[in-house]
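[1] What follows is a predicted protein model with its sequence.
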Amino acid sequence: MRSRHRSRPRVLVARLDSLGDVLVTGPAIRAIAAHADVTLLCSGQGARVAPLLPGVSRFIAWDCPWITSPSPALDPAEIQQMVDDIGALNIDEAVVLTSFHQSPLPLALMLRMAGVSRITGASVDHAGALLDNRLRPGETLPEDVPEPERALAIASAAGFTLPADDDGRLQVQGWEGADVDLPARPYAVLHPGASAPARTWPATRFRDTAVRLAEQGIVPVVTGSAHERALTAQVAGNHGVDLGGALDIKQLAHVIAGARAIVVANTGPAHLAAAVGTPVVSLFAPVVPSVRWAPYGVPHVLLGDQHAPCAGSRWRECAIPGHPCLSDVTADDVWEALESVWETRKETLA
């Protein structure tokens, strides 16, 4: 029961996979935060962006052994400690946000053990006493919708809706004053890495794109994590600015926000670009459906064969020789797409 001394209920919102997955739950989190105090339960990767999401009062980082990839070993003592930690928060209810291939039920069991009395989630499996509000994917919950809308539908089933003045797009905050030097000339961001190798575009094609940008008077700014420094250096070459391993998440948002566009695979920075309003040229491997995971709410162009044999496979490593879904995309294709999203952005701002 909610304490009578609290004016707003305490709601735990769970999204336990990657940084991009947490970003796309932003509209659902804001819908819940309009009515309640939100604690976000997310992975270590998701925790990087959790402080930037409007509506999050506090967050708990936990690498869940049935969601995180690669999966850590399941430690019963760690599970019990998480149950105890959640119990100590006096949570009134929980909204478990999952993608189409994930189950909310193991976490729902933990939440019941922690004393959470009302839980909402989407499950294809019978939930018994684990869910109070169960959406049925493919029945009461359409599946071929963008992930932000899926999360909003789950939040709505729990009784939480966006305020009338919220447009439902992705948002992040607190990045505007990040300390990072930006090029004086117009620039575009190239982000050659991805969370799964099956989603990557060849580094040589990214480098060709960097050369093409430089020839057109646009500075190629190459971003990536610390373990991608060799890749970002290869792409930047003598034509671009290499920021591989040099940016925290606020600085990365600041750099992307100032760009004319970003060229990126289906990975976290694509959703970060959507959250700061930057157009995206999306090198989208169809291992997951683009209707669910394409950049949301910003001008974008999808490149890649969406009907390749890998479509819907959820592969992390490409099993098809030559990686045909993306290898046929050229730097000329990317340049044409960049010109298209720039024009679209001008029309949007006009």
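    Great, that's in hand. Treat the numbers as computed from the prediction; the structure is a model and nothing was measured.
[2] doesn't Leu97 make contact with Thr120?
    No: assessed by CB atoms under 8 Å, Thr120 is found out of contact with Leu97, at 9.4 Å. (Each C-beta comes from the backbone N, C-alpha and C, glycine too.)
[3] Give me the more crowded residue out of those two.
    Each of Thr120 and Leu97 has its neighbours counted (other CB atoms under 10 Å); Leu97 has more, 30 against 24.
[4] measure that one to Gln81 for me?
    23 Å (CB to CB, to the nearest Å).
[5] what domains does the record give for this protein?
    Using automatic domain parsing, the domains assigned to the chain come out as 10-157, 187-349.
[6] In terms of mean pLDDT, which of these ranks lowest?
    Note on the domains of the chain: lowest mean pLDDT is at domain 187-349, with a mean of 93.
[7] that older thread, can you work out which residues contact both of Thr120 and Leu97?
    By CB atoms under 8 Å, 6 or more residues apart in numbering, Thr120 and Leu97 have these common neighbours: 154-155.
[8] For the protein, which segments are assigned as helices?
    Taking DSSP state H as the test, the helices found in the chain are 19-23, 26-33, 44-47, 76-88, 105-113, 147-157, 203-215, 229-236, 249-257, 268-276, 290-293, 324-327, 331-349.
[9] Please identify the most buried of those helices.
    helix 268-276 (a mean of 28; mean count of other CB atoms under 10 Å).
[10] Residues in contact with it: which ones?
    The contact list for helix 268-276 (CB under 8 Å, 6+ apart) reads 18-20, 23-24, 26, 45, 49, 169-172, 175, 189, 191, 195, 223, 249, 252-253, 256-257, 262, 264, 279-280, 282, 295-298, 300.
[11] What distance do you get for the closest residue to Pro65 other than its chain neighbours to Gln80?
    Spatial nearest neighbour of Pro65, chain neighbours left out: Leu74 (4.3 Å); criterion: CB to CB, 6 or more residues apart in numbering. Distance of Leu74 to Gln80, given as CB to CB: 12 Å.
[12] cool, His307 as well?
    47 Å.
[13] With Ala257 instead?
    42 Å.
[14] Over to Gly268?
    Distance, Gly268 to Gln80, by CB to CB: 31 Å.
[15] Looks like Ile218 contacts Ala188 (just checking).
    Yes: counting by CB under 8 Å, Ile218 does reach Ala188; the two are 5.5 Å apart.
[16] Give the intersection of the neighbour lists for these two.
    Joint contacts of Ile218 and Ala188 (CB under 8 Å, 6+ apart) are Arg260.
[17] Those two: which has the busier surroundings?
    Ala188 (24 against 21).
[18] hey, C-alpha coordinates of stretch 325-345 in PDB?
    Coordinates of each C-alpha in stretch 325-345 appear next as PDB, following Å, rounded to 0.1, in the frame of the first residue of the first chain:
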ATOM      1  CA  CYS A 325      22.500  -6.700 -46.500                       C
ATOM      2  CA  LEU A 326      25.000  -3.800 -46.000                       C
ATOM      3  CA  SER A 327      28.100  -4.500 -48.000                       C
ATOM      4  CA  ASP A 328      26.400  -3.300 -51.200                       C
ATOM      5  CA  VAL A 329      25.800   0.200 -49.800                       C
ATOM      6  CA  THR A 330      28.300   2.600 -51.100                       C
ATOM      7  CA  ALA A 331      29.700   6.000 -50.000                       C
ATOM      8  CA  ASP A 332      27.700   7.500 -53.000                       C
ATOM      9  CA  ASP A 333      24.500   6.000 -51.500                       C
ATOM     10  CA  VAL A 334      25.300   7.600 -48.200                       C
ATOM     11  CA  TRP A 335      26.100  11.000 -49.700                       C
ATOM     12  CA  GLU A 336      22.800  10.900 -51.600                       C
ATOM     13  CA  ALA A 337      21.000  10.000 -48.300                       C
ATOM     14  CA  LEU A 338      22.700  12.800 -46.500                       C
ATOM     15  CA  GLU A 339      21.600  15.400 -49.000                       C
ATOM     16  CA  SER A 340      18.100  14.000 -48.700                       C
ATOM     17  CA  VAL A 341      17.900  14.300 -44.900                       C
ATOM     18  CA  TRP A 342      19.400  17.800 -45.000                       C
ATOM     19  CA  GLU A 343      16.700  18.900 -47.300                       C
ATOM     20  CA  THR A 344      14.000  17.200 -45.200                       C
ATOM     21  CA  ARG A 345      15.400  19.000 -42.100                       C
END
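[19] Distance from it to the middle of the chain?
    22 Å (CA atoms, centre = their mean, to the nearest Å).
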